[in-house]
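Undergrad: everything below, folded, please.
(one chain, ligands or ions: 1)
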Amino acid sequence: MEQSSLVYGAVILLSGGIALLYTGLVLWSPPPIITHDSEKKYLSNASPTKPLPLTPLGDPSTVDLTIVVPAFNETERLPEMMRDTIKHLASAGLKSKRTYEILVVDDGSSDGTSATALQLAKKYPDSNIKVVTLEKNIGKGGAVRHGMLYGGGERLLMADADGASRIQDLEELWKSMDKIAPDNAPGMIVGSRAHLVKSEAVVRRSFLRNILMYGLHTILRIVGVGHIRDTQCGFKLFSRSAAQQIFPAQHLPTWIFDVELLLLAKQLRIPVAEVPIEWHEVAGSKLNVVTASVQMLRDLLIVRANHLLGRWTAYPAKQKSE
Ligand SMILES: *[C@@H]1O[C@H](CO)[C@@H](O)[C@H](O)[C@H]1NC(C)=O
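TA: Model prediction:
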């Protein structure tokens, strides 16, 4: 009698605990990212006032390369980044053999980032700059995701608006993609600053940021992407077929989305390679280290739990031969 009521009590406590954890997970998980109709259209030099439809990721590619530039309050840094990017893409060696578009995703800025991007589109009329403006600020992860879901490139590069990476390094990522994912197969190449560790570039980074990096790495090993030495680098190249599988399954709009992308690639068995790139720390980073760490830990747990429970899933694309 006593024993059985103990068992009942334990069962009730346990199921109550599980229900509570599950409710917590549902409440803490970011809500689905909503795409507004206006965000499926872009402005450009050719059509500066009348929005034209973007290319959905499910459609066949329209250019060889899309560069997705998430931009939140970037009026100051965008012009320089754009100048360098266009200079490289329009250089003699590349101009004739690679078509491209640059998709600036204004993440609900309030400083006129879209207007600046449009001015740049006018300044470089041959460079196919498209400007899409999100109605509300959703975070870097959400902005990158949006640009990828509406990019027309056979390959899609995400690059930070602050120009911390050198666009010339794209060529190293490109070659690596040719190797691991020839013939438009799924592939993901991540730029890496890991080789810079202990060099001056990192020493100059603040002490707290270095601690955060080490802490992050330990957690990454636990969640299963410890083989990637630098997950947070904002310079990553995707083949269209990889992007088609990864980005619809991305849920995190925050800056920790890079890790979700890597977890998804792993789950989808998409080959990933890491390529060393140059980097210079740019002033004006908007990351608060302490809140960032807490957010990171929370988001990683959320991703892990949602996948374990099957609330979030990712499906490999069907093979063409089937
Ligand atoms: C973005 O820029 C606007 C205008 O300069 C400013 O009022 C706002 O505080 C900025 N937001 C952030 C988060 O930096």
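Undergrad: got the end-to-end distance for stretch 304-314?
TA: Stretch 304-314 stretches 13 Å from its first residue to its last (C-alpha to C-alpha, to the nearest Å).
Undergrad: now do it: distance to the chain's middle.
TA: Taking the mean C-alpha point of stretch 304-314 and that of its whole chain, the gap between them comes to 19 Å (C-alpha atoms, centre = their mean, to the nearest Å).
Undergrad: what's the average pLDDT for that stretch?
TA: Predicted confidence along stretch 304-314 averages 86 (mean pLDDT).
Undergrad: report the buried residues of it.
TA: For stretch 304-314, a neighbour-count test (16 or more other C-beta atoms under 10 Å) marks 305, 306, 307, 312, 314 as buried. Any C-beta I mention is one placed from the backbone N, CA and C, and that applies to glycine too.
Undergrad: can you list the helices and strands that the helix or strand harbouring residue 155 packs against?
TA: Applying DSSP states H and E as the criterion places residue 155 in strand 153-158. Applying 3 or more C-beta pairs under 8 Å, 6 or more residues apart in numbering; DSSP states H and E, one finds that strand 153-158 makes contact with strand 63-71, helix 140-149, helix 170-180, strand 236-239, helix 240-246.
Undergrad: and it, how far out from the chain middle?
TA: Using C-alpha atoms, centre = their mean, the mean C-alpha position of strand 153-158 is found 12 Å from that of the whole chain.
Undergrad: residue 58 - that's part of a helix, no?
TA: No. The assignment for residue 58, made by DSSP: H, G, I helix; E, B strand; the rest coil, is coil rather than a helix.
Undergrad: show me what contacts it?
TA: The contact partners of residue 58, taken as C-beta atoms under 8 Å, 6 or more residues apart in numbering, are residue 244.
Undergrad: rewinding a little: minimum distance to the ligand: which of the helices and strands packed on strand 153-158 has it?
TA: The closest of the helices and strands packed on strand 153-158 to the ligand is strand 63-71. By C-beta to the nearest ligand atom, the value is 11.3 Å.
Undergrad: okay, now the unreliable bits of this protein?
TA: Regions of the chain meeting the criterion pLDDT under 70 cover residues 1, 196-206, 281-289, 317-322.
Undergrad: so what's the residue count around residue 20?
TA: The local packing of residue 20 (other C-beta atoms under 10 Å) involves 10 other residues.
Undergrad: and it, how far is that from residue 306?
TA: The gap separating residue 20 from residue 306 is 17 Å, by C-beta to C-beta, to the nearest Å.
Undergrad: what's the answer for residue 46, then?
TA: According to C-beta to C-beta, residue 46 and residue 306 sit 42 Å apart.
Undergrad: same thing with residue 36?
TA: When C-beta to C-beta is the yardstick, residue 36 and residue 306 sit 24 Å from each other.
Undergrad: same question, residue 98
TA: Residue 98 sits 38 Å away from residue 306, going by C-beta to C-beta.
Undergrad: who's the residue lying closest to residue 100 once chain neighbours are set aside bridged to?
TA: The spatial neighbour of residue 100 that comes closest, neighbours along the chain excluded (C-beta to C-beta, 6 or more residues apart in numbering), is residue 65 at 4.2 Å. On the basis of DSSP bridges, residue 65 takes part in beta bridges with residue 100, residue 155.
Undergrad: got a list of what residue 65 touches?
TA: Taking C-beta under 8 Å, 6+ apart, we find residue 65 in contact with 89, 98, 99, 100, 101, 153, 154, 155, 156, 157.
Undergrad: chain neighbours aside, what residue packs nearest to the fifth one?
TA: Put plainly, it is residue 101. In space, not counting the residues next to it along the chain, residue 101 is nearest to residue 128; the distance is 4.5 Å by C-beta to C-beta, 6+ apart.
Undergrad: also the third one?
TA: Distances taken as C-beta to C-beta, 6+ apart put residue 63 closest to residue 99, at 4.3 Å, once the chain neighbours are dropped.
Undergrad: assess the claim that the one you found and residue 152 are in contact.
TA: Yes. Counting by C-beta atoms under 8 Å, residue 63 sits close enough to residue 152 to count as a contact (5.3 Å).
Undergrad: anything in contact with each of the two?
TA: Applying C-beta under 8 Å, 6+ apart, one finds that residue 63 and residue 152 are jointly contacted by residue 101.
Undergrad: which residue of these two possesses the greater neighbour count?
TA: Set side by side, residue 63 and residue 152 give different neighbour counts by other C-beta under 10 Å, the larger being at residue 152 (24 against 17).
Undergrad: next up, the contacts around the more buried one.
TA: Residues in contact with residue 152, defined by C-beta under 8 Å, 6+ apart, are 54, 55, 59, 61, 62, 63, 66, 101.
Undergrad: repeat that for 10 Å
TA: Residue 152 is in contact with 54-57, 59-66, 99-101, 103, 128, 130, 240, counting by C-beta atoms under 10 Å, 6 or more residues apart in numbering.
Undergrad: what do you get for residue 109?
TA: Taking C-beta under 10 Å, 6+ apart, we find residue 109 in contact with 71, 72, 73, 74, 75, 115, 116, 117, 133, 134, 137.
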